[in-house]
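Student: the sequence isn't on hand, but the structure is:
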């Protein structure tokens, strides 16, 4: 029997390393979110454009990124090795202390990472620092609401397509207004909206008839929400 992990324990990604690229496995929803995130990434505006993938995990964004040098940052060595096998340039580092010069990247993608960090302000500050003026911040995370705790932890961890058990610490869930304020302080104007899986396609997933489920925009940001921002020029 595997050791019981505390919530948000980084070692769980070593335990689940074989699950990263199983479309119906423990990280199924991360595949759906990666596709939705990739749809927000703008076309590269220059030949040497670079995209930084914060908390890249096993590199699930890779199939949805074209024309960029794709750099992935994560603390998990096992996840980075898998990401590298899918074309991501791996860098083992803390998202609050990125080993890059200012204004290095045309796009910073922060997919399902903000709700895993204890220093949200520092993470946003680093994302903004390495983003070029005019560059895009693409993100998705989880709101700090009772609805999110019930749907994504109490219930979600017990159903197919939900997060792995103990994956999240609800105390780290992120209020969207707080995230927008932190981004604005760092020169990024962030627009946010809600995301939910297509109900019909999710039923197909549960019945084993589908592997991919589209994430649809919603007005409500009570659960998972997505954001797109631009860094203001100097």
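Tutor: Done, it's in. Because the structure is a prediction, the values reported are computed rather than measured.

Student: mind listing what's buried in the longest strand belonging to the chain?
Tutor: Assignment by DSSP state E gives strand 131-142 as the longest strand of the chain. Buried residues in strand 131-142, counted by 16 or more other Cβ atoms under 10 Å: 131-132, 135-142. In short, each C-beta sits where N, CA and C put it, glycine included.

Student: what residue is smack in the middle of this structure?
Tutor: residue 111 (1.3 Å; Cα atoms, centre = their mean).

Student: what's across from residue 193 in the sheet?
Tutor: residue 226 (DSSP bridges).

Student: so it touches residue 217, yeah?
Tutor: Yes: using Cβ atoms under 8 Å, residue 193 is in contact with residue 217, at 5.2 Å.

Student: which one's more surrounded, the two?
Tutor: Legend: neighbour count by other Cβ atoms under 10 Å for residue 193 and residue 217, higher for residue 193 (14 against 11).

Student: distance of that one relative to residue 54?
Tutor: 20 Å (Cβ to Cβ, to the nearest Å).

Student: got it, and residue 5?
Tutor: 22 Å.

Student: just residue 30 next, same as before
Tutor: 14 Å.

Student: and the two? Which one has more around it.
Tutor: Comparing residue 30 with residue 54 by other Cβ under 10 Å, the one with more neighbours is residue 54, at 25 against 22.
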